[in-house]
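Enquirer: Next one to model:
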Amino acid sequence: SKVLEATCNEPWGPHGTLMADIAQATRNFNEYQMIMTILWKRLNDRGRNWRHVLKSLTVMEFLVGHGAERFIDELREHTYQIQTLVDFQYVDSSGRDQGLTVRRKAQALVSLINDKEKIREFRQKAAANRDKYV
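Expert: Alright, predicted model coming up:
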């Protein structure tokens, strides 16, 4: 339910506490499976559900830094799925290109997961920040 809440279609992004709970849950095998099932399903949404896609990418980026190591391995195995979002298209009824944000976020995530050094730095920075606030 936390993943569904974090990736809902509301106009605001997922908050840090919620994403931290999801990151912690990735360390439990059964919860990890449920999290990934929902994230991959949301990532395949299209059209007016573009926020599902954007927020899934946001949660995934957060999990690269804070989630279980196996999460990164799974992202690498499914890079092609994220790469397809670099061409994401959606223009809302007012003519605004909402797909632009999705395309940028997808490109940034693909760039991150393809660079082991970047991931290491990202996780170190995340750990340092996590320790600051605990």
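
Enquirer: R70: which element?
Expert: helix 69-77 (DSSP states H and E).

Enquirer: Tell me how many other residues surround E61.
Expert: E61 has 18 neighbours, counted by other Cβ atoms under 10 Å. Where you see a C-beta, it was placed from the backbone N, CA and C, and this is true even at glycine.

Enquirer: And what about it, helix, strand or coil?
Expert: helix (DSSP: H, G, I helix; E, B strand; the rest coil).

Enquirer: returning to what we had before: and the helix holding R70, what's buried?
Expert: Residues of helix 69-77 classed as buried: F71, I72, E74, L75 (neighbour count, 16 or more other Cβ atoms under 10 Å).

Enquirer: Surely the third one touches Q33?
Expert: Okay, so that is E74. No. At 10.5 Å, E74 and Q33 do not qualify as touching, with contact defined as Cβ atoms under 8 Å.

Enquirer: Name the residues that touch the helix holding R70?
Expert: T26, Y32, M36, M60, L63, V64, I82, L109, I113, N114, I119 (Cβ atoms under 8 Å, 6 or more residues apart in numbering).
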